[in-house]
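Q: This is the structure alone, sequence omitted:
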């Protein structure tokens, strides 16, 4: 219930959901005690929490929020700052650290103060946003394609600390990529205790000439992800520690690692039996843009895997409510919701099932092209290199990855099980509805702010009508779909190259 009576009948208020440092550190202590992977930072923890389907887990994470932007007609004040103060009176959580400055000197004083004091804040921050206060001036300044012209972010310089390297461990991701992680003496950095930092790949390790026991410089890139940026070689004693060399075998399953030509990372090739890869593939499979299975998240997948309930994505379709209820934080209703979500995923269209398979280099756009080019999964399995590279967006690298996926007997068996489970591994008339060739062969740039559809919806309309979305303007651009406040640089380049600019209404008429 809002307090007071001076709020408009309709308004929108925007903000950011976050996890305070105290909650983040407590959560990681609990995960460490359970021998589970730790969250890298509060931002990832908050984002991951919001993706969870289990509301009781979300509630237990103690997320917080700060609101920073009030929009609507008939707002009580003419200033951005003043409207936020009114919103605070209505009961919304507004940061009491926001300041209205009258001069540049005041702005610089504010920046310099928080450059030092930010480490004492209860939340993570990597900078300050400076905004024009007058709503009238904000309207006159408008927006670029990506951001308002009346606001700019000032990023703090990365904080650096010196600490000791104790050992290097290795993590395996969904694709099998192996990432080295430096384990350090705990050091305070940007408001949190850092014990680990990424070393990225073998080349970085070699370039730093790392030895166990070295004193290393640690920074947080963008104040979020810790990384080692150098070694204090003057601090080395005559008793130089063991040189760090990248491992030869997978730390999880023992398979010999491989490094593909032109890539910096090493990979574990055992994609069907390496636990982190299996769990990662299942997490990708259930994700929102893939099968979008309600009630499941990374923690649930990890629990099901540890208990032996699932060993691949097809095993999800064998789960029953009786298998699930009674497990940690799983009541009868949660169990039924998960089973219902899994059953509902059988109606997910062919293009998203292809994306859900997790074939390397096959993202959403390529999956759509594949679904439009093949009637069913059997046709895709039997396709040769020539057929695959003839499809728009698919070059030899992606084609070879698809061929390698279906050449693997375990993958073919998995697809057969998914087919048996009733997934939509075929193209339907409904999938093809709305597809035309009206934009065939045309490369289209989207710019500006739109009224009738979102940018993602326009991208989908372009693809459904045979067009290609491109990010930058060139002589090969067919036309620009422009909303309000098109970026001035794009507008100037389009005019210089003589490229047609279509409004929303003109574009919708073109494809109607």
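A: Yep, that arrived. Since this is a predicted model, take the numbers as computed values, not measurements.
Q: Identify the spatial nearest neighbour of residue 144, chain neighbours not counted.
A: residue 487 (4.6 Å; C-beta to C-beta, 6 or more residues apart in numbering). Where you see a C-beta, it was placed from the backbone N, CA and C, and this is true even at glycine.
Q: where does the stretch 1-150 of the chain dip in pLDDT?
A: 35, 145 (pLDDT under 70).
Q: Would you map the helices across the stretch 201-350 of the chain?
A: 202-208, 275-286, 298-306, 321-324, 332-344, 350-356 (DSSP state H, counting those that start in this stretch).
Q: How about the fourth one, which residues are buried there?
A: To tie it back to what came earlier, the one meant is helix 321-324. By neighbour count on 16 or more other C-beta atoms under 10 Å, the buried set for helix 321-324 is 321, 323, 324.
Q: cool, the second one as well?
A: The neighbour-count criterion (16+ other C-beta under 10 Å) identifies 276, 277, 278, 279, 280, 281, 282, 283, 284, 285, 286 as the buried residues of helix 275-286.
Q: again, but for stretch 354-361
A: 354, 355, 356, 357, 358, 359, 360.
Q: ok, so of those, who is nearest residue 372?
A: The nearest member of the buried residues of stretch 354-361 to residue 372, counting by C-beta to C-beta, is residue 354 at 10.6 Å.
Q: if I pick that closest one, what's in contact with it?
A: Residues in contact with residue 354, defined by C-beta atoms under 8 Å, 6 or more residues apart in numbering, are 362, 367, 370, 371, 377, 380.
Q: What is the most widely separated pair among those residues?
A: Longest span within the contacts of residue 354, C-beta to C-beta: 362 and 377, 13.0 Å.
Q: which stretches of the stretch 401-512 of the chain form strands?
A: 443-447, 468-469, 479-482, 500-502 (DSSP state E, counting those that start in this stretch).
Q: What's the mean pLDDT across the third one?
A: So that's strand 479-482. The average pLDDT within strand 479-482 is 94.
Q: Check the longest one too.
A: For strand 443-447, the per-residue pLDDT values average out at 93.
Q: Give me the sheet partners of it and which way each runs.
A: Counting by DSSP bridges, the strands paired with strand 443-447 are strand 468-469 (parallel), strand 479-482 (parallel).
Q: for the nearest residue to residue 219 once chain neighbours are set aside, helix, strand, or coil?
A: Closest residue to residue 219 apart from its sequence neighbours, by C-beta to C-beta, 6+ apart: residue 158 at 4.4 Å. When classified by DSSP: H, G, I helix; E, B strand; the rest coil, residue 158 comes out as coil.
Q: Distance of residue 158 relative to residue 410?
A: To residue 410, residue 158 is 43 Å away according to C-beta to C-beta, to the nearest Å.
Q: what do you get for residue 130?
A: Taken as C-beta to C-beta, the span from residue 130 to residue 410 is 54 Å.
Q: now residue 217
A: In terms of C-beta to C-beta, residue 217 sits 44 Å off from residue 410.
Q: Compare these two (neighbour count), which wins?
A: Neighbour comparison, residue 217 and residue 410: the larger count goes to residue 217, with 16 against 11 (by other C-beta atoms under 10 Å).
Q: Could you list the domains of this protein?
A: According to automatic domain parsing, the chain is divided into the following domains: 12-19+63-155, 157-270, 275-347, 350-432, 443-511.
Q: Put together TSV for the ones you listed, with distance to residue 30 on each row.
A: Shown next, in TSV, are the domains of the chain (distance: least, C-beta to C-beta, whole Å):
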stretch	distance to residue 30
domain 12-19+63-155	13
domain 157-270	16
domain 275-347	12
domain 350-432	29
domain 443-511	36
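Q: And the ones you listed: which comes nearest residue 55?
A: Per C-beta to C-beta, nearest to residue 55 of these: domain 275-347, 9.2 Å.
Q: got a list of what the nearest residue in space to residue 71 that is not next to it in sequence touches?
A: Spatial nearest neighbour of residue 71, chain neighbours left out: residue 12 (4.5 Å); criterion: C-beta to C-beta, 6+ apart. For residue 12, the contact set (C-beta under 8 Å, 6+ apart) comprises 70, 71, 72.
Q: Residue 12 and residue 136, how far apart?
A: Noted for residue 12: a distance of 19 Å to residue 136, by C-beta to C-beta.
Q: Could you do residue 112 as well?
A: According to C-beta to C-beta, residue 112 and residue 136 sit 30 Å apart.
Q: Could you tell me which of the contacts of residue 354 belong to helices?
A: 367, 370, 371, 377, 380 (DSSP state H).
Q: May I see the ChimeraX selection of the buried members of the residues you listed?
A: Remark: buried members of those, expressed as a ChimeraX selection using 16+ other C-beta under 10 Å:
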select :367,370,371,377,380
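Q: The nearest residue to residue 453 once chain neighbours are set aside: neighbour count?
A: Closest residue to residue 453 apart from its sequence neighbours, by C-beta to C-beta, 6+ apart: residue 461 at 7.2 Å. A count of neighbours around residue 461, defined by other C-beta under 10 Å, yields 18.
Q: do the one 4 residues further on as well
A: Using other C-beta under 10 Å, residue 465 has 19 neighbouring residues.
Q: correct me, but it touches residue 441?
A: No - the criterion here is C-beta atoms under 8 Å, and residue 465 misses it with residue 441 at 11.3 Å.
Q: buried ones in stretch 445-452?
A: 445, 446, 447, 448, 450.
Q: contacting residues around the first one?
A: When you say that, I think you mean residue 445. Contacts for residue 445 were tallied using C-beta under 8 Å, 6+ apart; they are 470, 471, 472, 473, 477, 479, 480, 481, 490.
Q: Dig out what the residue nearest to it when sequence neighbours are not counted forms beta bridges with.
A: Leaving out its chain neighbours, the residue that sits closest to residue 445 by C-beta to C-beta, 6+ apart is residue 480, at 4.8 Å. With DSSP bridges as the criterion, residue 480 is bridged to residue 445, residue 501.
Q: Show me the contacts of residue 12 that map onto strands.
A: 70, 71 (DSSP state E).
Q: Nearest to residue 272 among the contacts of residue 12?
A: Nearest member of the contacts of residue 12 to residue 272, counting by C-beta to C-beta, is residue 71, at 50.0 Å.
Q: My read is that the closest one contacts residue 15, right?
A: No - using C-beta under 8 Å, residue 71 is not in contact with residue 15; the gap is 11.8 Å.
Q: more crowded one of the two?
A: residue 15 (16 against 11).
Q: Once you drop chain neighbours, what's closest to that one?
A: residue 67 (3.5 Å).
Q: Do you have the strands of the stretch 51-200 of the chain handy? List them.
A: Ranges of strands in the stretch 51-200 of the chain, per DSSP E, counting those that start in this stretch, are 64-71, 127-131, 151-155, 160-172, 177-189, 192-198.
Q: Okay, now the sheet partners of the fifth one, with direction.
A: Pointing back at strand 177-189 there. Strand 177-189 has the following sheet partners, assigned by DSSP bridges: strand 160-172 (antiparallel), strand 192-198 (antiparallel), strand 266-267 (antiparallel).
Q: what's in contact with the second one?
A: What that stands for is strand 192-198. Residues outside strand 192-198 that contact it (C-beta under 8 Å, 6+ apart): 21, 24-25, 38, 41-42, 124, 161, 163, 179-184, 186-188, 218, 220, 225-228.
Q: try the longest one
A: Under the criterion C-beta under 8 Å, 6+ apart, residues 37, 178-189, 194, 199, 205, 210-219, 228-229, 232, 244, 247, 250-252, 268, 274, 276-277 lie in contact with strand 160-172.
Q: What subset of these is buried?
A: Buried by 16+ other C-beta under 10 Å: 178, 180-182, 184, 187, 189, 194, 199, 205, 210-211, 213-219, 228, 244, 250, 252, 268, 274, 276-277, out of the contacts of strand 160-172.
Q: Is residue 19 in contact with residue 61, as I believe?
A: Yes - with contacts counted by C-beta under 8 Å, residue 19 reaches residue 61, the gap being 6.8 Å.
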